[in-house]
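Participant: structure here, sequence nowhere to be found:
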């Protein structure tokens, strides 16, 4: 897609708040009368009955399908085969990032619509049309694209605050990077997830996202530790799931997310949460942008307040070897959004920036 065409994509309906799960039936009724619920065993045990009940109350037949927890092509094929027997009008993907992505992948295989129900605010996958597939060693294989955005996104904040604190901080990490990535993508003339130029609305959403996190994340995290839903929690969840998701998909990505290609291929860092990977990678992007020491120190102070990583050691790779740094850098350059930067980069630029981040953190 070329020229100045601009595209902004979004879910058909976004529902957020305490008790949203119980109230979703009427909205889902408009999507279809038969569905399959894709979720792992733990999520099915905790929320499966409530989801089936909410669907049943709206006249929707819902058949649960247990997801293994690893979103591989083989697992998606297995789930899709089981789902076809139920002839669903739509698929529900429920859980963390993998559970939601598994639901989207199955919906894509069946060429039907999808509704997403995140059980943690750990990333912005629920609002996006893309999903990520991994191999059996959890190395990123490819990014899949559904033909359209999710029909319905249901974010029950009473459920979100019961998830582990690390998942909430990962959501903050995934979202805090988007302002900087979208800015680089737009400035370099890059394309968004729809293959077009960004609308100004996408840029504005990432700026609102960043402002919200800087203002409310600390208070929201304190409330999550007590499993309380507060105004700050609602605002931060909206930022990490909705603003972040719409912003990146319609605005574009850059180095922070490109680095997940390299980080997911190396010992230690491959096991880090996605939001923690990209939060570290933002520090590398800021080094590449040649930001001032004062600017980076301000970001690092925020990271310290909310528990985000400031070094490779913080995401599972202490004492990284030169070979590992180079491998991460090389993997980063295989991502298409590595080209969305103010100047042309090579792998050695990424490696040098990583070493600068490590040196900065050691001071």
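Facilitator: Cool, got the structure. In this text the structure is predicted, and so the values were computed from the model without any measurement.
Participant: just the buried residues of the longest helix seen in the chain, please?
Facilitator: Among the segments of the chain that qualify as a helix by DSSP state H, the longest is helix 200-225. With burial defined by 16 or more other CB atoms under 10 Å, the residues of helix 200-225 counted as buried are 202-203, 205-207, 209-210, 212-213, 216-217, 220-221, 223-224. C-betas here are computed from N, CA, C, even on glycine.
Participant: tell me which other helices or strands it touches.
Facilitator: helix 165-176, helix 178-187, helix 231-237, helix 244-251, helix 293-306 (3 or more CB pairs under 8 Å, 6 or more residues apart in numbering; DSSP states H and E).
Participant: Throw those helices into CSV and include mean neighbour count and mean pLDDT, thanks.
Facilitator: Output for the helices and strands packed on helix 200-225, formatted as CSV (neighbours: other CB atoms under 10 Å; pLDDT from 0 to 100):
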stretch, mean neighbour count, mean pLDDT
helix 165-176, 25, 98
helix 178-187, 23, 98
helix 231-237, 21, 98
helix 244-251, 28, 97
helix 293-306, 14, 97
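Participant: nearest to residue 95, of those helices?
Facilitator: helix 165-176 (10.9 Å; CB to CB).
Participant: what ranges do the helices span in the stretch 1-150 of the chain?
Facilitator: 25-29, 41-43, 49-57, 73-84, 97-110 (DSSP state H, counting those that start in this stretch).
Participant: single out the most deeply packed of those.
Facilitator: By mean neighbour count, with neighbours taken as mean count of other CB atoms under 10 Å, helix 97-110 ranks first of these at a mean of 26.
Participant: so what does that one touch, helix or strand wise?
Facilitator: Against helix 97-110 (3+ CB pairs under 8 Å, 6+ apart) you get strand 34-40, strand 61-67, helix 73-84, strand 90-95, strand 113-118, strand 130-134, strand 140-145.
Participant: end to end on stretch 79-94, go ahead and measure it.
Facilitator: 14 Å (CA to CA, to the nearest Å).
Participant: oh, I was asking about stretch 156-167
Facilitator: By CA to CA, one end of stretch 156-167 lies 15 Å from the other end.
Participant: can you list the residues that contact that stretch?
Facilitator: 16-21, 47, 96, 117-122, 168, 221, 223-225, 227-229, 233-234, 237, 273, 307 (CB atoms under 8 Å, 6 or more residues apart in numbering).
Participant: for the chain, what are the low-confidence residue spans?
Facilitator: Residue ranges of the chain with pLDDT under 70: 1-3, 361-363.
Participant: recalculate using a threshold of 90.
Facilitator: For the chain, the stretches with pLDDT under 90 are 1-4, 69-70, 96-97, 134-142, 264-265, 267, 360-363.
Participant: domain parsing for it?
Facilitator: The chain resolves into domains spanning 13-160, 165-362 when parsed by automatic domain parsing.
Participant: helices along the stretch 251-363 of the chain, start to end?
Facilitator: Using DSSP H, counting those that start in this stretch, helices in the stretch 251-363 of the chain cover 255-263, 274-288, 293-306, 322-332, 347-362.
Participant: adding distance to residue 164, write the ones you listed out as JSON lines.
Facilitator: JSON lines is the format used below for these (distance: least, CB to CB, whole Å):
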{"stretch": "helix 255-263", "distance to residue 164": "21"}
{"stretch": "helix 274-288", "distance to residue 164": "12"}
{"stretch": "helix 293-306", "distance to residue 164": "14"}
{"stretch": "helix 322-332", "distance to residue 164": "26"}
{"stretch": "helix 347-362", "distance to residue 164": "25"}
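Participant: I'd like to know which of those helices is closest to residue 149.
Facilitator: helix 255-263 (18.5 Å).
Participant: now that closest one: buried residues?
Facilitator: Under 16+ other CB under 10 Å, the buried positions of helix 255-263 are 255, 256, 257, 258, 259, 260, 261, 262, 263.
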